[in-house]
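J.: Sequence first, then the predicted structure, then my questions.
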Amino acid sequence: MFRSQSVSALGDRLMLAANSGSASHSHTAYDMLEKQLRDDGWVVGETLSLADCAAAPALFYAYATHPFGGSRPRLAAYFDRLRMRPSVARVIAEAGPYLENFRLRDALPERFVTGAPT
């Protein structure tokens, strides 16, 4: 499991990587997550926590800049679980009208935008 400082640092690294446009930074962060995530559950246990809520926007943006790819099944499954949570799905739905102005909108799979199941 992650410690809260690790989650914060990882979120910072994901946002830095996404903003820098550096695929190597993104892949390093993705690899760290892939190694530490479990096949089910959440970042720090069996229940959704603030760490997961903090990860959602960073992963959403990071995916738009550098998709996770099939080589990171735990990360992809974690993000799908996170995206399907009612609270996260609501945020995505409420952001829908504004996503048309998101410069990377076309890079997002439609299921990320609509909240449709995988």
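T.: Thanks, I have the structure now.
J.: The closest residue to residue 107 other than its chain neighbours: how many residues sit nearby?
T.: For residue 107, the nearest residue in space outside its immediate sequence neighbours is residue 64; the separation is 4.6 Å by C-beta to C-beta, 6 or more residues apart in numbering. C-betas here are computed from N, CA, C, even on glycine. Applying other C-beta atoms under 10 Å, we find 18 residues neighbouring residue 64.
J.: can you tell me which residues contact residue 64?
T.: 18, 102, 104, 107-108 (C-beta atoms under 8 Å, 6 or more residues apart in numbering).
J.: Return the entry from the residues you listed with the maximum number of neighbours.
T.: Among the contacts of residue 64, the one with the most neighbours (other C-beta under 10 Å) is residue 18, at 22 neighbours.
J.: Report the central residue of the protein.
T.: residue 59 (2.2 Å; C-alpha atoms, centre = their mean).
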